[in-house]
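In: Mind looking at a prediction? Sequence and model below.
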Amino acid sequence: MWTTTPHIAALSVPTTDPSNTKCYTTKHLITGNRTSTQSEQQLPTYSNASQRSILLATARVIIFNPDNGLQATLNALIDQGSEATIVSEHVVQSLHLTRTSIAGVGQGLSLADPQYYRPKRVDLIIGVDLMAQIILPGIKVGAPNEPIAQNTQLGWILSGRTQPPREATHVVCHQAVLDTESLLKQFCEVESVPERRLNTAEDVWCETFFQQTHKRQPTGRYMVRLPLKTIFDPSMTLGKSHQIALNRYLQLERRLTKTPEAWQRYSDGIKEYFKLNQLAPATTSERQSTTVSDSQHHCSSCVLPHHAVYKEESLSTKLRIVFDASANTSNGRSLNDILCVGPTLQNDMSAVILNWRQYRYAFTADIQRMYRCIDVHPEDSEYQRI
């Protein structure tokens, strides 16, 4: 988005000695941007065969490796048909356990404990070698289609048949409420000509500052001062910007040199600034315009990054050089941040279109290099280094 806010720029041309980088300041007004691994097989702990489910005895067990102190909480399947207690390969690797080859054990049984109805990976099978040590007196028997509960050292375990899971029923209700009064108000606002907003105190100061500081030179060109917020708010200062702009320039140079035509047009655009006397060597360095207060650097100058915008379909200007006055300096502020925007001076577009309807013919025109026809005061050109 382009604005009429005065922006500033400077061109850094690197030499063989980085400390000897030359800097130039612009003497005109500049516009800128304001701106697949294999998955584990999981089986549920119930069977849907013949519309019935079988519940397997499960428990949550803490396994501890005394050799290295590692432990893990596992989902355990208590299997009275197993002759040994075994764990999965996942647990062996996690706890660094010693492997023993076995055969004839089912893989991928699904568990669900404490939420037994949810399928999960089986990490441990407790066989009859430990069954006698964990079983406690106490058993509860339900209805024919309900599982039984057995008391153990690990808590109560469930096993047996269960009812098949029921599908959930969702009921969706939609309700629409229309605010006809609000809709009618919005319609009227769209069709009406917008009112010009009231100027703020900053807008009034900015306009007054312009009226008091701008002048017309003997050549007919206007010279203006930048409405810096620093004038009425000393805390609105800039940090260092030279190295940031230099890095951006080197990136631009590497990109443009890959396309000789674009590089030539960029070079011609920079040369035009010198030809029209719109660039001049900077008389001071960033170090000379920098003061330090409370461990913060405050600079009374600014080096603006720039880039080239290439438009092949353009009839007049194939390549334009755009200066980025929204680039942050070392203290987080940009040049746009310390410049007053001022009141809106352009006519409202809807009003302009309505006026066009009064006439049979309408003409449009474009002013070439309009902002470059306005000079900036030499004291403020330090903020327009490129």
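Out: Looks like it arrived, so ask away.

In: could you list every residue that touches Asp123?
Out: By C-beta atoms under 8 Å, 6 or more residues apart in numbering, Asp123 lies in contact with 72, 74-76, 87-88, 90-91. All C-beta spots, glycine's among them, are computed from the backbone N, C-alpha and C.

In: Which two of those have the greatest separation?
Out: The largest separation in the contacts of Asp123, counting by C-beta to C-beta, is between Ala76 and His90 at 13.7 Å.

In: more neighbours, these two?
Out: A side-by-side neighbour count of Ala76 and His90, using other C-beta atoms under 10 Å, places Ala76 first with 24 against 14.

In: Is that one in a helix, a strand, or coil?
Out: Secondary structure state of Ala76, per DSSP: H, G, I helix; E, B strand; the rest coil, is strand.

In: isn't it right up against Ala59?
Out: Yes. At 4.8 Å, Ala76 and Ala59 qualify as touching, with contact defined as C-beta atoms under 8 Å.

In: quick one: Pro260 from Thr200, how far?
Out: For Pro260, the distance to Thr200 under the criterion C-beta to C-beta, to the nearest Å works out to 50 Å.

In: out of the two, which sits in the busier spot?
Out: With other C-beta under 10 Å as the criterion, Pro260 and Thr200 differ in neighbour count, and Thr200 comes out ahead with 13 against 9.

In: got the phi/psi numbers for that one?
Out: Listed backbone geometry of Thr200 is phi -80, psi 170, with angles given as degrees, to the nearest 10.

In: Asn151 now?
Out: In this entry, Asn151 is assigned phi and psi values of phi -80, psi 130 (degrees, to the nearest 10).

In: And for Ala365?
Out: phi -150, psi 160.

In: Tell me how many other residues crowd it.
Out: Neighbours of Ala365 under the rule other C-beta under 10 Å: 4.

In: One more: the one 4 residues further on?
Out: Around Arg369 there are 12 other residues, counting by other C-beta under 10 Å.

In: now do the one 10 residues further on
Out: In terms of burial, Glu379 registers 10 neighbours under the definition other C-beta under 10 Å.

In: residue contacts, it?
Out: For Glu379, the contact set (C-beta under 8 Å, 6+ apart) comprises Arg225.

In: what stretches of the protein score poorly on pLDDT?
Out: Counting by pLDDT under 70, the low-confidence segments of the chain come to 1-55, 80-84, 99-118, 128, 143-146, 160-175, 190-196, 315-317.

In: what ranges do the helices span in it?
Out: 89-95, 128-134, 180-191, 201-213, 242-256, 260-275, 349-356 (DSSP state H).

In: how far does the last one sit from the chain's center?
Out: When C-alpha coordinates are averaged (C-alpha atoms, centre = their mean, to the nearest Å), helix 349-356 and its chain have centres 38 Å apart.

In: What would that helix look like as CSV? C-alpha coordinates only.
Out: Only the C-alpha atoms of helix 349-356 are listed here, as CSV (Å, rounded to 0.1, in the frame of the first residue of the first chain):
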residue,chain,number,x,y,z
MET,A,349,-13.3,7.7,-4.0
SER,A,350,-17.0,7.2,-3.8
ALA,A,351,-17.5,11.0,-4.0
VAL,A,352,-15.2,11.2,-7.0
ILE,A,353,-17.2,8.5,-8.8
LEU,A,354,-20.5,10.2,-8.1
ASN,A,355,-19.1,13.4,-9.5
TRP,A,356,-18.1,11.6,-12.7
